[in-house]
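# Sequence and predicted structure below; questions after.
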Amino acid sequence: MTTTPVPFDAPRRSGGRGPARRWWTLIAVCGASFMLMVDITVVQVALPTIQHGLRASFTDLQWVIDAYALTLAAFILAFGSLADRVGRKRVFVAALGVFTLASLLCGAADSAPALIAARALQGFGGAAMFATGLALIGQEFTGAERAKAIAAWGATLGIAVAAGPLVGGGLTEALGWRSIFFVNAPIGILTAGIAAARMVNIADPDAGRLDWAGLATFSGSLFLLILALLRGNDEGWGSTLIVSLLLVSGLLMAAFVLAEHHHPRPMFDLSLLRRPAFAGVSAATFAIGAGMFAMLPYLTFYLQDNLGYSPLTGGLCLLPASIVCFLVPLTTRAAASKLPPRIVLSAGLAITALGLAVMRGLTVSSTWTALIPGLLLIGIGVGLANPAIAAIALGVAPPQRTGMASGISNTFRIAGLAAGVAVLGAVFERRLASSLATQLGHPAGQLATALASGATRAPTSLVAQHGLTAASHQAFVSGINQILAIGSILTLSGALAALALVRARDFHRPTATPSEHEPISQPTVA
């Protein structure tokens, strides 16, 4: 049955099913978030195995991550607007179906291009889940209950981060890398069943037509930017192709801003950026995506390609950060709720930046234990930052636009991840070439490409054939150290932005709850 959309406080006052429905909604959102986060971490652990199984190049592996991140970032805003228009439940359930199907296609891929295409489709479904997840929590919970729900959601992300490396490593070793995608099927089907049966479909009665111009210009700009960053080393940063890609990307972004100013209901409400708190949390979210989350694939390459660990052992090496990231939201919720949000967020990012800086300084004789202090700090920092980002993003937007606010928040995070993977990869590969050239006394671009593509663990590789194993390990460590420093600086910049810009006065103050005798419009029920 479909009836008229309602004010966003109506679901909480709509009868006896409300409380039970709220918690079923939270379970479904946490289930979907768990699947999304596990998928990211298991893929990262399995990248070296995928690299050898599909004979993928270093650029192919970057695209395995960035194809997913690009469609996520490009469509989150559009799906946030669509969810406000047709209802969050409908978009959420459809997204689960797309993501599950795409996961099966990823597992069945027989080439790097096929896997990249399936990952792009997976990101399309993931975008809709990201766009609606926090919005569903925001529409069902307020006050202290919302804080509890966000803490539970943050703990779920922590569990996923903790389980991901172990699940990915164990599945990859026992059943092959394809199993890391197939495992999404039962989770997706179960979560979709809960959502379809228990959620209510709430829409924004003031939502207008979709912002097609904004979608096209934003997606095009982001795609061309990432393409330029990924191809810059190979084509030359001053080449006509790269300069043209960057120029057109900038023009499309300017067109996006213009389109949003003239659209009656833009998918990105630029007026929110005039609120310092929203600008601050957006900058912080982008920074943690580009500086920390984009670093994880390269740490995996270090553990498996350089140190020679198996996928399971490499996953176990990342466990200190995973466990702490899970525990921190649970143990600090009460204390964090008493502190200004900007303090919690900036402290989380600053601790994360410190963790990345502490890991810098690796040598060819280092073992994985050299990473432990930094991993523990990263776990603490991310555990603090994730719930704070969610609470601030929802708190500074009006309730009827939580779909858009959730979408914008996650867009900055995923855009940061995509840009970070591309930028760190470009710096990493260039540093490999520079280090090898210094050691060997001649240009070593081909050797650097081989090294980036896993040559240190392949006995028949170009590196081994030239008897340059020691030089290759030195170059690899040099590259990792440099991008750790860059990641630390990026993350610290986000901490400073949060500290300077996030203010309590920018948070939305909900209107008083209407009297119980006031007539209440009925929600859109699917």
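Happy to help now that I have it. Numbering: from 1, shown residues only.
# Where does S472 fall, secondary structure wise?
According to DSSP states H and E, S472 maps onto helix 469-501.
# Report the buried residues of that helix.
Residues 471-480, 482-488, 490-499, 501 are the ones in helix 469-501 that count as buried (16 or more other CB atoms under 10 Å). Just so you know, the C-beta spots here come from the backbone N, C-alpha and C atoms, and that holds for glycine as well.
# how far is it from where the chain is centred?
18 Å (CA atoms, centre = their mean, to the nearest Å).
# for stretch 256-276, same thing?
Put simply, stretch 256-276 sits 23 Å off its chain's centre (CA atoms, centre = their mean).
# how about it: buried residues?
In stretch 256-276, the ones that count as buried by 16+ other CB under 10 Å are F256, A259, E260, H263, R265, P266, M267, F268, D269, L272, R275, P276.
# in terms of contact, does the fifth one touch D211 like I think?
Yes: taking CB atoms under 8 Å as the contact criterion, R265 and D211 are neighbours in contact, 7.1 Å apart.
# confidence score at P373?
P373 is assigned 95 on the pLDDT scale.
# My error: substitute I116 in the last question.
Predicted confidence (pLDDT) for I116: 93.
# which helices and strands does the helix or strand it falls within pack with?
In the assignment (DSSP H and E), I116 maps to helix 112-140. On a contact count with 3 or more CB pairs under 8 Å, 6 or more residues apart in numbering; DSSP states H and E, helix 112-140 meets helix 17-53, helix 58-86, helix 88-108, helix 143-175, helix 372-395, helix 402-440.
# so what's Q122 closest to, chain neighbours aside?
A102 (3.7 Å; CB to CB, 6 or more residues apart in numbering).
# what residues are shared contacts of R265 and D211?
Common neighbours of R265 and D211 (criterion: CB atoms under 8 Å, 6 or more residues apart in numbering): S81.
# Any stretches of the stretch 201-350 of the chain with poor pLDDT?
203-209 (pLDDT under 70).
# hmm, back to that, kindly calculate the angle that the helix holding S472 makes with helix 402-440.
Orientation note: helix 469-501 sits at an angle of 150 degrees relative to helix 402-440 (axes from the mean of the first three to the mean of the last three CA atoms, to 10 degrees).
# Show me what helix 469-501 is packed up against.
helix 276-291, helix 296-301, helix 341-359, helix 402-440, helix 445-452.
# after the shortest one comes which helix or strand?
Think helix 296-301. Trace forward from helix 296-301 with DSSP H and E and the next one is helix 311-317.
# Buried residues of that following helix, list them for me.
Buried residues in helix 311-317, counted by 16+ other CB under 10 Å: P311, L312, G314, G315, L316, C317.
# What's the separation between I323 and G379?
Between I323 and G379 the distance is 7 Å, computed by CB to CB, to the nearest Å.
# Can you give me the domain boundaries for the chain?
10-211+263-506, 212-262 (automatic domain parsing).
# related to what we said a few turns ago, can you list the helices and strands packed on helix 112-140 in JSON lines and add mean neighbour count and distance to R333?
Output for these, formatted as JSON lines (neighbours: other CB atoms under 10 Å; distance: least, CB to CB, whole Å):
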{"stretch": "helix 17-53", "mean neighbour count": "21", "distance to R333": "15"}
{"stretch": "helix 58-86", "mean neighbour count": "26", "distance to R333": "26"}
{"stretch": "helix 88-108", "mean neighbour count": "22", "distance to R333": "25"}
{"stretch": "helix 143-175", "mean neighbour count": "21", "distance to R333": "4"}
{"stretch": "helix 372-395", "mean neighbour count": "25", "distance to R333": "7"}
{"stretch": "helix 402-440", "mean neighbour count": "24", "distance to R333": "19"}
